[in-house]
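Participant: show me the folded form of this:
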Amino acid sequence: MSLHNKLYKPKLFLLILVMPGILWLAVLGAGFNGLLSIRDNQSIANHDRELLRQGVHAIDRIRDAQFHFKSQVQSWKNLLLRGHDTAQFRHYQQQLEQQEQEVQKLLHALPALLQPLGMAESSQQQILELQQQHLAMGLHYSSALYVYRNSLQAQQPVIEAIAAADAVVFGQDGQTSAKMDQLATAIVQQVQQLVHSAGERDEQWFSRQIQYAAWILAVFLFLILPLAFITVRRHVIQPITRMTAAIEQVAQGNFAQQVADQSIDELSRMRFAFNHMADELARIHSGLQSERDKLTTIIVAAQEGIVVTDRNGKVALINPAAERLLEKSAEQITEEGFLNLLDDPDYMTAYLTQAGIEIPSTVVYHNRVLSIYAATIHAPDGTHIGSAALMRDITEEKRLEKQLRDLSNTDSLTGLHNRRRMDEILREEFSRAKRYKQHLAILMLDVDHFKRFNDQYGHDQGDRVLQAVARVMQSTCRDVDFPCRYGGEEFCLILPSTAVEGAAIMAERLRFNVEQQRVDGLQVTISIGVALFPAIGTDADSLKKAADEALYQAKHAGRNRYCIATPVNSSIPQAPSTSHPGS
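Facilitator: Presented below is the predicted three-dimensional model:
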């Protein structure tokens with residue numbers, strides 16, 4: 001089934017959604033509880049603020065009462081001082097009555113203000129005493145005014161009248177003011193106590209909120225963590241553990257490993273992908289194994305020696321043919337290294353460095369002729385991968401090659417170089433002599449009366465005569481000389497680095513040795529023509545032509561002799577003619 005056609009159940013996705021959802025519910029619960037608590041605390045705070053406002057208002061009222069009381073006292077004093085003035089007396093008397101009424105009004109209002117502060121019972125008595133004291137002080141001031149007016153009517157001085165009046169009210173205003181101060185101090189202390197109590201309540205409320213939040217989080221963790229652990233273990237850890245075990249099996253070469261699971265979730269995509277990958281790896285590995293088997297069969301069965309190194313230069317592959325050709329074991333080849341395959345590191349280094357260009361590819365090693373090909377292998381990006389050497393035993397090929405070359409260059413009857421090879425050698429030696437300004441001699445030989453041997457004794461006898469002459473040439477000439485059969489009964493001898501004296505000696509020696517030879521009881525003689533470079537000839541053909549003309553001169557001179565070709569007006573001496581009874 002295709003991976004894209006599977007209907008997946010997103011369990012992990014749902015878990016990821018559910019866990020934050022529960023967390024958000026917990027946060028919302030904590031927030032709702034906090035809102036309720038804030039509302040309750042706000043109500044308490046409003047109540048406290050109202051109490052504080054009333055306390056401040058009560059303090060203001062008592063201060064106003066003190067102010068009006070002082071104004072009242074001042075009005076009494078003004079009334080006493082100016083009581084003799086009827087107009088001013090009435091004015092001050094009105095002010096006195098107003099101040100007295102205002103003080104009584106403020107004192108009557110205090111109990112209602114102090115009741116919310118919890119001070120009604122404690123301060124009610126003080127207020128009542130203050131009211132009575134204030135009323136009593138009014139009576140004392142009325143008595144003082146009466147004494148003052150009687151003193152004036154008795155014709156007493158004003159100062160004495162005032163002193164008599166003051167004696168009646170002496171200390172009354174101080175006592176009343178002290179009472180008011182005590183009451184004001186009590187109210188202030190009560191307000192301070194309310195402020196302190198409000199602060200304690202706020203601290204307690206904050207502590208309770210922290211406790212509530214901690215309990216909510218604890219409940220959340222208690223509920224969600226086990227659920228998360230079970231879900232993750234079942235849907236994540238266990239599938240991943242099974243997949244890890246399968247991956248380890250694949251890493252060990254078990255490509256048939258499959259992860260079997262019936263669940264359909266997010267990890268099943270990974271499982272299906274892994275199984276598909278394992279199938280592909282198994283298919284590829286099977287193909288590679290098949291190709292490797294083929295390659296191993298080819299390498300092992302190959303007659304060519306193969307040695308391969310890795311990127312570090314260490315020998316990594318040796319086939320049996322390499323061990324046989326090098327006459328070394330695989331361990332020895334590995335130990336000695338790639339450059340010592342042929343026991344010549346300089347040769348292998350030069351071959352690899354120059355890619356075989358201008359380096360001999362054929363070497364003789366342990367009596368074998370080996371064809372060597374070696375190369376350094378690089379990746380497409382130029383990275384060094386390794387080196388490889390291919391060795392092939394071409395000893396038999398070289399032998400056959402030499403045999404074919406000898407057959408193509410050798411006359412089958414006499415074993416001498418044939419005409420084609422003679423022309424090649426003559427051109428090479430002429431070119432060398434001309435380049436290095438050396439001497440070169442060529443001898444053209446012809447069997448005297450050869451036709452008679454064929455006519456009287458048959459062609460077989462003629463062949464034996466030719467073979468006898470060839471043997472004399474091979475035994476007489478030097479190793480550096482080239483004896484050749486020119487064609488028919490004619491022969492040629494090429495003498496490198498040979499001047500006229502040496503050529504004459506060689507010609508006479510050949511003539512003499514052939515003359516002494518008997519072939520089936522028959523005497524054989526030869527005539528020889530000699531040509532020398534640089535005295536004669538501008539090229540190989542002209543030199544050969546000159547030797548051939550000298551040969552015919554020897555024939556016409558009586559045979560069984562040699563004749564040296566000379567240019568016109570040459571002072572080179574001719575060899576004397578030598579006759580033989582059978583010539």
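
Participant: and residue 307, how close does it get to residue 239?
Facilitator: Between residue 307 and residue 239 the distance, using Cβ to Cβ, to the nearest Å, works out to 49 Å. From N, CA and C alone the C-beta is placed, and that goes for glycine too.

Participant: to clarify, my last question referred to residue 299.
Facilitator: As judged by Cβ to Cβ, residue 299 and residue 239 stand 44 Å apart.

Participant: same check on residue 417?
Facilitator: Distance from residue 417 to residue 239, by Cβ to Cβ: 88 Å.

Participant: the two: who's more crowded?
Facilitator: Between residue 417 and residue 239, counting by other Cβ atoms under 10 Å, residue 417 is the more crowded of the two (22 against 19).

Participant: could you find the closest non-adjacent residue to that one?
Facilitator: In space, and not counting its chain neighbours, residue 417 is closest to residue 484: 4.0 Å by Cβ to Cβ, 6 or more residues apart in numbering.

Participant: confirm that neighbour sits in a strand?
Facilitator: Yes - counting by DSSP: H, G, I helix; E, B strand; the rest coil, residue 484 is located in a strand.

Participant: what's the neighbour count on it?
Facilitator: Neighbourhood size, residue 484 [other Cβ under 10 Å]: 29.

Participant: how about the nearest residue to residue 313 once chain neighbours are set aside, what does it touch?
Facilitator: Among residues not flanking residue 313 along the chain, residue 338 sits closest, at 6.4 Å (Cβ to Cβ, 6+ apart). Going by Cβ atoms under 8 Å, 6 or more residues apart in numbering, residue 338 touches 307, 309, 313, 315, 348, 387, 389.

Participant: show me the residues you listed that map onto strands.
Facilitator: Mapping the contacts of residue 338 onto strands (DSSP state E) picks out 307, 309, 315, 387, 389.

Participant: who wins for neighbours among those residues?
Facilitator: residue 307 leads these on contacts (other Cβ under 10 Å) with 24 neighbours.

Participant: now for it: which residues touch it?
Facilitator: 315, 317, 318, 319, 322, 333, 338, 341, 388, 389, 391.

Participant: write a PyMOL command that selects only the buried members of those residues.
Facilitator: To isolate the buried ones among the contacts of residue 307 in PyMOL, judged by 16 or more other Cβ atoms under 10 Å, type:
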select buried, resi 315+318+319+322+333+338+341+388+389+391
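
Participant: just the contacts of residue 307 now: which is nearest residue 276?
Facilitator: residue 317 (33.9 Å; Cβ to Cβ).

Participant: my guess is that closest one meets residue 306, correct?
Facilitator: Yes - if you go by Cβ atoms under 8 Å, residue 317 and residue 306 touch, sitting 6.7 Å apart.

Participant: mutual contacts of those two, please.
Facilitator: Shared contacts of residue 317 and residue 306 (Cβ under 8 Å, 6+ apart): residue 299.

Participant: what's the domain layout of this structure?
Facilitator: Listed domain ranges for the chain are 53-212, 302-399, 410-564 (source: automatic domain parsing).

Participant: right, so these: which one is the most enclosed?
Facilitator: Greatest average neighbour count among these goes to domain 410-564 (a mean of 19), per mean count of other Cβ atoms under 10 Å.

Participant: now the terminal residues of that one, how far apart.
Facilitator: One end of domain 410-564 sits 27 Å from the other (Cα to Cα, to the nearest Å).

Participant: thinking again about what came up before, wait, which of the domains of the chain is closest to residue 291?
Facilitator: Residue 291 lies closest, by Cβ to Cβ, to one member of those: domain 302-399, at 15.3 Å.

Participant: endpoints of the closest one, how far apart?
Facilitator: 22 Å.

Participant: ok, stretch 507-523 next?
Facilitator: Criterion Cα to Cα; first-to-last residue distance in stretch 507-523 is 18 Å.

Participant: what's it in contact with?
Facilitator: 443, 445, 453, 457, 461, 464-465, 468-469, 472-473, 475-477, 493, 524-526, 528, 530, 560-562, 564, 575, 578, 580, 582.

Participant: residue 144: which of the ones in strands among the contacts of residue 338 is nearest?
Facilitator: Distance to residue 144 across the ones in strands among the contacts of residue 338 (Cβ to Cβ) is lowest for residue 309, with 136.0 Å.

Participant: so what pairs up with residue 522 in the strands?
Facilitator: residue 519 (DSSP bridges).

Participant: related to what we said a few turns ago, counting only helices, which of the contacts of stretch 507-523 make the cut?
Facilitator: Counting by DSSP state H, those place 453, 457, 461, 464, 465, 468, 469, 472, 473, 475, 476 in helices.

Participant: gap between the second one and residue 522?
Facilitator: Remark: distance between residue 457 and residue 522 (Cβ to Cβ) = 7 Å.

Participant: and the fourth one, by the same measure?
Facilitator: Between residue 464 and residue 522 the distance is 9 Å, computed by Cβ to Cβ.

Participant: please apply the same query to the first one.
Facilitator: Between residue 453 and residue 522 the distance is 7 Å, computed by Cβ to Cβ.

Participant: same question, the third one
Facilitator: According to Cβ to Cβ, residue 461 stands 8 Å off from residue 522.

Participant: so what sits against both of the two?
Facilitator: residue 453.

Participant: helices of the stretch 301-450 of the chain, start to end?
Facilitator: For the stretch 301-450 of the chain, the helices defined by DSSP state H, counting those that start in this stretch cover 320-326, 330-336, 345-353, 395-409, 419-436, 450-457.

Participant: wait, which of those helices is closest to residue 538?
Facilitator: Here helix 419-436 is closest among those (Cβ to Cβ), at 9.0 Å.

Participant: now the strands for the protein?
Facilitator: Counting by DSSP E, the strands of the chain are 305-309, 315-318, 362-365, 368-378, 384-393, 440-447, 482-487, 490-496, 518-519, 522-523, 526-533, 562-564.

Participant: direction included, what does the fifth one pair up with?
Facilitator: Sheet pairing for strand 384-393, assigned by DSSP bridges, gives strand 305-309 (antiparallel), strand 368-378 (antiparallel).

Participant: how about a markdown table for the ones you listed, with distance to residue 411 added?
Facilitator: Shown next, in a markdown table, are the strands paired with strand 384-393 (distance: least, Cβ to Cβ, whole Å):
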| stretch | distance to residue 411 |
| --- | --- |
| strand 305-309 | 39 |
| strand 368-378 | 27 |
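
Participant: which ones are touching residue 310?
Facilitator: Going by Cβ under 8 Å, 6+ apart, residue 310 touches 316, 386.

Participant: what does residue 468 give?
Facilitator: 514, 517, 519, 524.

Participant: ok, which pair from the residues you listed is furthest apart?
Facilitator: Largest separation among the contacts of residue 468 by Cβ to Cβ: 514 and 519, giving 9.8 Å.

Participant: if we can go back for a sec, got any residues that touch both of residue 453 and residue 522?
Facilitator: In contact with both residue 453 and residue 522: 461, 465, using Cβ under 8 Å, 6+ apart.

Participant: of the strands of the chain, give the one that comes closest to residue 292.
Facilitator: strand 315-318 (12.0 Å).

Participant: who does that closest one touch, helix- and strand-wise?
Facilitator: Counting contacts by 3 or more Cβ pairs under 8 Å, 6 or more residues apart in numbering; DSSP states H and E, strand 315-318 packs against strand 305-309, helix 330-336.

Participant: next, format those as CSV and append mean pLDDT and distance to residue 91.
Facilitator: Formatted as CSV, these follow (pLDDT from 0 to 100; distance: least, Cβ to Cβ, whole Å):
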stretch, mean pLDDT, distance to residue 91
strand 305-309, 91, 133
helix 330-336, 90, 138
